[in-house]
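1. only geometry, no sequence info:
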């Protein structure tokens, strides 16, 4: 298994086209928890889904099953028929060890559709409480409350929705970060902040959907774009990632260079994604999965209403410094014993640069944690190709970061 941190993608092809033979390709790219291809009882053979689940189990992957008749719109149209379909799907597939849960749908709009989602959740959890239903929400934009929530305030809606549905996991999508204008970056981080606060308030796990294909005005993501999206999301409290999308359709408007192109060939985006994800799993993913997100700050430049990391307020970190005047992210996580971890991310997909912790002189030990904590380096003693020097009132400890690169430290 590549790692414990959940990473997958939106999987639109029919299971009649893509089955168990594709799992090796997913695993090779660093996927760990994925959507299944689309399955319909009236056209598809359940044996293909079972074979797919068997292969996922062999390769250490779990699946959220996309059964066409289990969309929340089906619950909205005929709740009794929806329940019968779920009973059948659960009997056929729900007890398989590779099944994580069933997909409920995407981007509900308005109170009527949200109520249908709640009804679907209740059926899933009443019959299969050991599984986690999966639903994806719209990105937060100005006017979100009026357009999507019937005027209810976002935090109040989140608490109400999770309490009425029993929801344990919230996912949403946002792609504006790959638009040409920087206000798209601002909206991306506003979504991370809004949804992470909502998930914390409601006591649920947060996932997000990131962009892996060029379309509309969104650029084709570079390796730096992919690294930046994954690490900024994880540092901001997301506990799982989906990519939109993996297989390019044809015809497909101006969609281009998805990880697997319209001819079934793996593209440069696939190869970049595989590198980024396998490195993330090897370096930080398992460690982050074991920690709890506490707080995220920005420095250099703040996006999405995140606060600037305040000077001289942390007991050990006096301030953050970007030598090359690049924006950065500093997040704090903690383990089960309450020990603090500092997660540093270069908050640009465009430039490499130097980032420093300016530490209080009372810091006695700087741990640089790599390989999911199995490599714990005494940074003061070993800082090759990095930054370390002491002044009369501070310690400067820093690293060179590629665009969007993450490093994890612990200070004593």
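-> That came in fine, so what should we check first? Model, not experiment: these values are computed from the prediction.
2. could you say what helices and strands the helix or strand bottoming out on mean pLDDT in the chain packs with?
-> Least confident element among the helices and strands of the chain, by mean pLDDT, DSSP states H and E: helix 144-148 (a mean of 87). Here helix 144-148 touches helix 154-165, going by 3 or more Cβ pairs under 8 Å, 6 or more residues apart in numbering; DSSP states H and E. Bear in mind the C-beta positions are built from the backbone N, C-alpha and C, glycine included.
3. Who are the packing partners of the next helix or strand after the helix it packs on?
-> Proceeding C-terminally, helix 154-165 gives way to strand 169-173 as the next helix or strand, assigned by DSSP states H and E. If contacts are counted by 3+ Cβ pairs under 8 Å, 6+ apart, strand 169-173 sits against strand 134-137, helix 183-202, strand 205-211, strand 240-244.
4. buried set for stretch 204-216?
-> By neighbour count on 16 or more other Cβ atoms under 10 Å, the buried set for stretch 204-216 is 204, 205, 206, 207, 208, 209, 210, 211, 212, 213, 214, 215.
5. which pair in these spans the largest distance?
-> In terms of Cβ to Cβ, the buried residues of stretch 204-216 reach their longest pairwise distance at 204 and 214, which sit 31.8 Å apart.
6. ok so, going back, can you list the buried residues of stretch 204-216 in a markdown table and add distance to residue 398 and pLDDT?
-> Shown next, in a markdown table, are these (distance: Cβ to Cβ, whole Å; pLDDT from 0 to 100):
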| residue | distance to residue 398 | pLDDT |
| --- | --- | --- |
| 204 | 35 | 94 |
| 205 | 32 | 96 |
| 206 | 29 | 97 |
| 207 | 31 | 98 |
| 208 | 28 | 98 |
| 209 | 33 | 98 |
| 210 | 27 | 98 |
| 211 | 30 | 98 |
| 212 | 31 | 98 |
| 213 | 35 | 98 |
| 214 | 34 | 98 |
| 215 | 38 | 98 |
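7. for those, which one is nearest residue 130?
-> Closest to residue 130, out of all of those and judged by Cβ to Cβ, is residue 205, at 15.7 Å.
8. Where does pLDDT dip in the chain?
-> Residues of the chain meeting the criterion pLDDT under 70: 1-2.
9. Identify all contacting residues around the helix or strand hosting residue 368.
-> Residue 368 belongs to strand 366-370 when elements are defined using DSSP H and E. If you take Cβ atoms under 8 Å, 6 or more residues apart in numbering as the criterion, strand 366-370 is touched by 283, 287, 341, 359, 375-380, 395, 397, 407-412.
10. hmm, which of the residues you listed are the buried ones?
-> 283, 287, 341, 359, 377, 379, 395, 397, 407-411.
11. quick check, nearest of the residues you listed to residue 62?
-> Looking across the buried ones among the contacts of strand 366-370 and measuring by Cβ to Cβ, the closest to residue 62 is residue 287, at 20.1 Å.
12. now the closest one: how far from residue 61?
-> Residue 287 sits 20 Å away from residue 61 when distances are taken as Cβ to Cβ, to the nearest Å.
13. After the strand or helix carrying residue 279, which helix or strand is next?
-> Per DSSP H and E, residue 279 falls inside helix 268-280. Downstream of helix 268-280, the first helix or strand assigned by DSSP H and E is helix 286-290.
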